[in-house]
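Student: Okay, here's the prediction I keep looking at, along with the sequence it came from:
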Amino acid sequence: MNPDRLFESLREEVKKLVPSDMNISSIEFEGPIIAIYTNEYDKFSGDDSIARNLAQGLRRRVDIRPDPKGLEDSSIVDAKIRAMIPESAQLFDINFVPETGEAIIEAINPNEVVGKEGQLLSEIKKESGWNVKVIRAPPIPSKTVSDVRGYLRANQDERQAMLEHVARRLARSVLEGEQWVRMTTMGGFRQVGRSATLLTTRESKVLIDCGLDPNSDATPYFGIPEAQPLSELDAVVITHAHLDHCGTLPALFKYGYEGPVYCTPPTRDLMALLQLDNIKLGFGESKKVPYEAQHVRKEMLHTIPLKYNETTDIAPDIRLTLHNAGHILGSSIAHFHIGDGLHNVAFTGDTKFEKTWLFNPANNRFPRLETLVIESTYGGHNDIQPSRADASEEMKALLIEAMNHNGKVLIPVFAVGRSQEVMLVIEELMRTGQIPPVPVYLDGMIWEATAIHTAYPEYLNSQLRTQIFQQNENPFLSSIFHRVETSAMREEICHSPDACIVLATSGMMSGGPVLEYFREWADDEKNSLLFVGYQSEGSIGRTIQRGRTDISFNNRGKQIDVNIRMNRVTVDGFSGHSDRRQLMKYISSLEPRPDKIIIGHGEDRKCTDLASSIYKKFNIETKAPLNLETIRLR
Ligand SMILES: [Zn+2]
Ligand SMILES: [Zn+2]
C-alpha cells in the first residue's frame, strides 16, 4: 500500500470512529499525529474522551483542532482569554498559531489555567474557539527556553513540512515475510564518549544517540555502509543532553539528514544550550566543532518532543516509549517495541538507580523486555560510592571547617545536573542553620541550566516538584544565591576578604570562570577546592586533585603559573551514574527479566567486568562489544 492509500483508509476509519454529528473539514497527518479539523470545534473541545477513544481505536496519537478558516481574530481572542485567566496563574504570554488553530498560553502556574478537572481550560476553549494549550513559563526566566519556543513558532511552515514528510515515511508499505532485528555499535562501547548505536530491522533504521568524545572530539563511525545514506534513517532518538550523547547531532543535519529527532522537552532545550556553548568554546580554543549554530537551529525544528511514558510510532514497525533514567533533567531510557511483539529492546543511556536530590530512581518496569543495553561508567567491582546522604554530611563538615577559618570554597561543576544538586544541598544546610549563612555565587552557565530545570518541574522528584510549585519555597530562588554576570563582579568576589562559596564551570577545570577564582585563591591555605564531579584522566582537574603543588596552564592564550596551598578535597557520592552496587541492584529488580544484556559506556575493563559479573550472578547472556560490531537481537 502506498502512503496515500494508507492515509485514505485511516481517514475512513477516523470517520467511522468520531461521533456521527461531528462535522469534519479535513484530516491531516503530521509526523506521528493524526490532526482532525472540525468547524464545530467548540461543540467537542470540552470532551477529552473523543480524542482518547480515537487514539485507542487507531493506535495513533490524535489531536482535534478547529478549522483555521472559522477562527476568530487572534487579537480579539487574546483579550477574551486574558479576561478568563485568574491572577494566581501568573500569565506570562499567549501565542497564536493560526495554521493549527493553537493558542498557547504560557503561565507560571499552568494548573490555575487548567482549573479543577480541566474545567476552566475547556471553558476557555469553548469561549475562544481556538485549540488552547497551556505550558509552564519558567519561574526563573530562561533565554534558552524562550529562544527555542520563539524559533519554533517563527518557523511553523518548515516544521509543518517536516512533519508531513515524517508522516509519509511512517505510512510507507511494509513487506511481508521473515523479520529480523539487529544493532550496530557506532561509538561509546568499551569507552565513554561519542555514544551511538544503530538499530536496524528489515524495514527501518533508527539511530540511538549521536555523541561526541569530549576529550578527543572523535565522532561516531558514520562511514559504515549500514548508516549510509543518512537520508534513509527513519529517526534519531536522544537519551539525554550531555554532549557524549548528542554532541555530533547537529552535524547530521549539516550532512543531509532531514528526519525527526525524538527526545523529552527538557532534553531538547538543554541540548541546544550545550551544543551552542560547545561552538562558543570551540572558537575560544580554536578547536574544530563539526557544525554551526544554524545546524543546531535546524535540529530544534526537527525535534518531536515526547514526554515520559508517551508511546509513539517512529517507523512503520517500531514504537518508542521514553522512561525516566534518573541521570539528568529529561534523561530517558529509550524502549523500542519492534513489529507486532517481535522484539523489545531498551537503551538505558546514562542512568542512576537511586533517588537523588533532583530525580526519582531510573524506571525498572517495562511491559516487555528481551534485550537491555546498559551503561557501565562505574561498573567495575571496586566502583562503590557513598550514598547521597553520606555525601551531603561530608560536604557539611567541609563547609563548616572552611567557614570557621573565614575561607573561600571553590567548587568546579558541570552546568547541568551536579550544580543543581550541590545548590540544593547548600540551600538546605543554610536554611536549617546547619552551616553559617555566606553568599553563594554561581558563575558560568549554571544559572541558565537551573532556569531550565524550573521550567520542567514534572521531570524532578516529587518532593522537589512540590517545593517548586509552591513559589515561595522554590529552593533555587533562595536569596543565598547570586548570579555572577560581569567580569567586574567576578573580580570583586575574587578580591573580597569575606568567606563565600563559588560554584563555577568548567567541571574539570579545563577552562571557564573556575580558573579565574582558582588563580586568585590557590596560594592561601584557608581556602578550599571541593571536587564533586568526575575528573577524567589528563584533565587539569585530575592533576590538581592528585595533589600537585605547582601547576601552569594556559588560560585564554596566557600562560599562568600557580602555587597551590589551598585545601583540596573530593566528595564522592554526587555522581549522576549508578555505581556498581546500583547497577547490579537495577538488574536484579528489572521486570520483566531480559534474555540478553549488552554493556557499553564504560572503560574497557569496566564493560567486561560488569558483563561477566552479570552473567555469573543472574545467568543472563551478556555481551561487551567493541565499536563497529553488529549483534543480531532477533
Ligand atoms: Zn550523561
Ligand atoms: Zn554519557
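Tutor: That came through fine. Ligands and ions are numbered 1, 2, ... in the order given.

Student: give me the number of residues near the nearest residue to Arg136 once chain neighbours are set aside?
Tutor: Spatial nearest neighbour of Arg136, chain neighbours left out: Pro110 (5.0 Å); criterion: CB to CB, 6 or more residues apart in numbering. No exception for glycine: its C-beta is placed from N, CA and C like everyone else's. Pro110 has 18 neighbours, counted by other CB atoms under 10 Å.

Student: and Pro110, what does it touch?
Tutor: If you count contacts by CB atoms under 8 Å, 6 or more residues apart in numbering, Pro110 has them with 89, 134-136.

Student: Run through the neighbouring helices and strands of the lowest-mean-pLDDT helix or strand in the chain.
Tutor: Least confident helix or strand, the chain: helix 41-44 with a mean of 79, by mean pLDDT, DSSP states H and E. Packing partners of helix 41-44 (3 or more CB pairs under 8 Å, 6 or more residues apart in numbering; DSSP states H and E): strand 61-66, helix 119-128.

Student: Quick check: which of those is buried the most?
Tutor: strand 61-66 (a mean of 21; mean count of other CB atoms under 10 Å).

Student: Whatever helix or strand comes next after it: which residues count as buried?
Tutor: As assigned by DSSP states H and E, the chain's next helix or strand after strand 61-66 is helix 74-84. Of the residues in helix 74-84, 74, 77-78, 81 count as buried by neighbour count, 16 or more other CB atoms under 10 Å.

Student: sorry, back to before: which among the helices and strands packed on helix 41-44 is found nearest to ligand 2?
Tutor: Ligand 2 sits nearest to strand 61-66 of all the helices and strands packed on helix 41-44, at 29.6 Å, using CB to the ion.

Student: how much space between the closest residue in space to Ile238 that isn't next to it in sequence and Ala235?
Tutor: Nearest non-adjacent residue to Ile238, counting by CB to CB, 6+ apart: Cys263, 4.1 Å away. Distance, Cys263 to Ala235, using CB to CB, to the nearest Å: 11 Å.

Student: Provide a list of residues in contact with the residue in the stretch 301-450 of the chain that ligand 1 sits nearest to.
Tutor: In the stretch 301-450 of the chain, the residue found nearest to ligand 1 is Asp350; the distance is 3.7 Å by CB to the ion. Counting by CB under 8 Å, 6+ apart, Asp350 makes contact with 239-240, 242, 245, 325, 327-328, 331, 375, 377, 576-577, 601.

Student: hey, where'd the strands end up in the stretch 351-500 of the chain?
Tutor: Taking DSSP state E, counting those that start in this stretch, the strands of the stretch 351-500 of the chain run over residues 371-375, 408-412, 440-443, 481-483, 500-504.

Student: if I look at the residue nearest to Gln385 when sequence neighbours are not counted, how far off is Ile384?
Tutor: Nearest residue to Gln385, sequence neighbours excluded (CB to CB, 6+ apart): Asp579, at 4.2 Å. In this view, Asp579 and Ile384 are 6 Å apart by CB to CB.

Student: more crowded one of the two?
Tutor: Shown here are Asp579 and Ile384; by other CB under 10 Å, Asp579 has more neighbours (24 against 12).

Student: residue contacts, that one?
Tutor: For Asp579, counting by CB under 8 Å, 6+ apart, the contacting residues are 378, 383-385.

Student: Looking at those, spot the one nearest Thr486.
Tutor: When these are ranked by distance to Thr486 (CB to CB), Gln385 comes first, at 37.4 Å.

Student: pLDDT wise, what is that closest one at?
Tutor: Note for Gln385: predicted pLDDT of 92.

Student: For burial, what's the neighbour tally of it?
Tutor: Neighbour tally, Gln385, other CB under 10 Å: 19.

Student: Hmm, it is touching Gly573, no?
Tutor: Yes - here Gln385 lies in contact with Gly573, judged by CB atoms under 8 Å, at a distance of 5.2 Å.

Student: Which among the strands of the stretch 351-500 of the chain is found nearest to ligand 2?
Tutor: Taking these one by one with CB to the ion, strand 371-375 is closest: 6.9 Å.

Student: List the neighbouring strands of the closest one plus their orientation.
Tutor: Sheet pairing of strand 371-375 (DSSP bridges) gives strand 343-347 (parallel), strand 596-600 (parallel).

Student: could you check the distance from the residue of the stretch 301-450 of the chain closest to ligand 1 over to Ser588?
Tutor: In terms of CB to CB, Asp350 sits 20 Å off from Ser588.

Student: Please apply the same query to Val174.
Tutor: Counting by CB to CB, the gap from Val174 to Ser588 is 38 Å.

Student: Which one's more surrounded, these two?
Tutor: Neighbours were counted for Val174 and for Ser588 using other CB under 10 Å; Val174 has more, 15 against 12.

Student: May I ask which helix or strand encompasses that one?
Tutor: Using DSSP H and E, Val174 falls outside every helix and strand.

Student: again with Ile104
Tutor: Assigned by DSSP H and E, Ile104 belongs to strand 102-107.

Student: What helices and strands are in contact with that strand?
Tutor: Taking 3+ CB pairs under 8 Å, 6+ apart as the contact cut, strand 102-107 packs with helix 74-84, strand 91-97, strand 131-136.
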